[in-house]
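**Q** Okay, sequence plus prediction incoming.
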Amino acid sequence: MPYIGVHTSVTPPDTAIGTMIERMADVVTDITGKARSHMMTSLSRAVAMQLGDDDAPCAYVDLRGIGGLNPEINQRLSDAIGALLEETLGVAPDHVYITFTSVDATHWGWNRTTFGA
């Protein structure tokens with residue numbers, strides 16, 4: 001924890017996937033101050049994805065964490081994630097949705113227990 005999942009209509013080059021995942025994790029850990037050792041990052045290509053009624057590249061980002069999310073942090077994350085997606089995948093910021101979800105530590109499992117145990 002935290003977790004960031006990027007779902008996009010863009011197919012990134014195979015050579016860029018590892019770098020993009022690393023950079024996305026860096027953005028989240030740098031801004032939230034959370035430990036990199038528990039950071040999980042995923043990138044997936046949607047079979048079909050559209051925002052509005054055009055076929056421009058788009059992305060949905062699901063960011064979850066135990067604490068550390070608040071209006072100021074979320075704004076900083078939105079700016080940094082939007083910039084990274086525009087730079088790496090060519091997705092315009094107005095074609096990116098991001099959800100920020102704070103999860104209670106007792107509702108996040110890991111290592112056969114929860115973080116709230």
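**A** Happy to help now that I have it.
**Q** In which helix or strand does Met20 reside?
**A** Assessed by DSSP states H and E, Met20 sits inside helix 14-32.
**Q** Need the contact partners of that helix.
**A** 2, 4, 6, 12, 34-36, 39, 41-43, 63, 65, 68-69, 73, 76-77, 80-81, 84, 88-89 (C-beta atoms under 8 Å, 6 or more residues apart in numbering). Where C-beta positions appear, they are placed from N, C-alpha and C, glycine not excepted.
**Q** ok, now stretch 85-105?
**A** 1, 6, 8, 10, 12, 16, 20, 23, 51, 56-69, 74, 77-78, 81-83, 114-116.
**Q** if you average pLDDT over the helix holding Met20, what comes out?
**A** For helix 14-32, mean pLDDT rounds to 94.
**Q** Give the buried residues for that helix.
**A** Using 16 or more other C-beta atoms under 10 Å as the test for burial, helix 14-32 gives 20-21, 23-25, 27-29, 31-32.
**Q** Over to Asp62: give its phi and psi.
**A** phi -110, psi 110 (degrees, to the nearest 10).
**Q** Then Ala56?
**A** Given degrees, to the nearest 10, the pair of backbone angles that Ala56 has is phi -70, psi 150.
**Q** that older thread, out of the contacts of helix 14-32, name the ones that lie in helices.
**A** 73, 76-77, 80-81, 84, 88-89 (DSSP state H).
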